[in-house]
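with the input below, show me the fold.
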Amino acid sequence: MTPSHLRRALIAGLLAAFASLAPARAETLDKVTFGTNWVAEAEHGGFFQAVADGTYRKYGLDVTIVPGGPNENNRMLLIAGKIDFFMAANTLMSFDAVANNVPVVTIAAIFQKDPQVMLTHPDAKVTKIEDLKPLTLFVSKEGMGSYFQWLKSEYGFNEKNVRPYNFNPQPFIANPKSAMQGYVTSEPFAVEKAAGFKPNVLLLADYGFNTYSTLIETRRDIVEKKPDLVQRFVDASMIGWYNYIYRDNSAGNALIKKLNPEMTDDLLAYSVAKMKEHGIVDSGDSLKNGIGAMSDERYTSFFNKMVKAGVVKADLDFRKSYTLRFVNKGVGIELRPNKP
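The predicted model follows:
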């Protein structure tokens, strides 16, 4: 064999060796654990979609989702370093973390609108938020410490008509002159199934309660040491949400039902439809900047409202609660239909 033939044979052998190694390298994925704040449901659908359809893997991530529940505290697992990302309920949780020196930071906001609503009976003739004042109001302990304080400061509500809401709709169903808190994606569905009437709903976000909801949190040390991993998780999650809301979400729903056997196809379809109808995931800033969008102006506005309502202290450095570094890049925006 001539030197040139030897050289060509050697090069061919090296190329073959590299080709055999390439799939192994491509399959080297970063393991990531993401904890939600409740059992698997449509309100978490984009994350399950990104697992089920392989989006996370395309971004080099092997993601395990750890569902929450009434006896779970996944945020504590995040703080303790047991998981990498956590789904926080709303902006007030982020403010509270700063107030208590908890080393977490919000990196994306999946819900542009908080899905909190007040439900009323169809015969109550409630057309605006002020019409709720004469009614008996079923409000949870958490609601009393958050949105109800805003209702007091912005609309002049008081506690005299408030009764405890214990996540049982029967007292509301039995009293036609009452209103009950809930999520636009679930409680109206449950009431209609149980009582046979379709309740009216008032979405508090449409009246100025402009907290973000369903946030992605991580620890500050992960942001500092692994920004590329954080960016990939955020980007892949946004792709998952576009696919879940606007495209074939059957893979995500199958995973949700596997993890939560009590979930039904009817409720999944209802929840997705209501998220789209009310712009829960995709409205406002996300229409231009992509799902997950956040802004300094929005945070400042909500902070000022919460200070006025006495929920947070005026000297809180709320800007420490979030970073815009990983959002507002329009990732996945091409997956949205022309009309959201």
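
which parts of the stretch 51-200 of the chain are helices?
Counting by DSSP state H, counting those that start in this stretch, the segments of the stretch 51-200 of the chain that form helices are 55-58, 74-79, 91-99, 141-144, 147-155, 170-174, 187-195.

and for the fifth one, what's in contact with it?
With CB atoms under 8 Å, 6 or more residues apart in numbering as the contact definition, helix 147-155 has outside contacts at 116, 129-130, 133, 139, 157-159, 162, 204, 207-209, 305-306, 308-311. C-beta: built from backbone N, CA, C; applies to glycine.

quick check on the residues you listed: which are buried?
For the contacts of helix 147-155, a neighbour count by 16 or more other CB atoms under 10 Å gives the buried set as 116, 129, 139, 157, 204, 207, 209, 305-306, 309, 311.

which one among the residues you listed gets closest to Thr36?
Nearest to Thr36, judged by CB to CB, of those is Gln116 at 18.0 Å.

tell me the spacing between the closest one and Leu324.
Going from Gln116 to Leu324 by CB to CB, to the nearest Å gives 24 Å.

how about Gln112?
15 Å.

swap in Asp285?
Using CB to CB, we find Asp285 at a distance of 11 Å from Leu324.

what residues do the two have in common as contacts?
Overlap of the contact sets of Asp285 and Leu324 (by CB under 8 Å, 6+ apart) consists of 294-295.

what mean pLDDT does stretch 265-279 get?
If you average the pLDDT over stretch 265-279, you get 98.

apologies, that question was intended for stretch 146-154.
Mean pLDDT, stretch 146-154: 98.

quick one: buried residues of it?
Those would be 146-151, 153, for stretch 146-154 by 16+ other CB under 10 Å.

next: stretch 100-107.
Across stretch 100-107, burial judged by 16+ other CB under 10 Å covers 102, 104-107.

repeat for stretch 78-92
78-79, 83-92.

now swap in stretch 240-248 and tell me
Judged by neighbour count (16+ other CB under 10 Å), stretch 240-248 contains these buried residues: 240-246.

sorry, back to before: how about the buried residues of stretch 78-92, which pair is most distant?
Asp84 and Leu92 (22.8 Å).

picking that back up, reformat the buried residues of stretch 78-92 as CSV; add distance to Pro122.
Formatted as CSV, these follow (distance: CB to CB, whole Å):
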residue, distance to Pro122
Leu78, 42
Ile79, 45
Ile83, 43
Asp84, 45
Phe85, 41
Phe86, 38
Met87, 33
Ala88, 34
Ala89, 29
Asn90, 29
Thr91, 32
Leu92, 31
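
bridged to Lys31, which residues?
Using DSSP bridges, the bridge partners assigned to Lys31 are Asp62.
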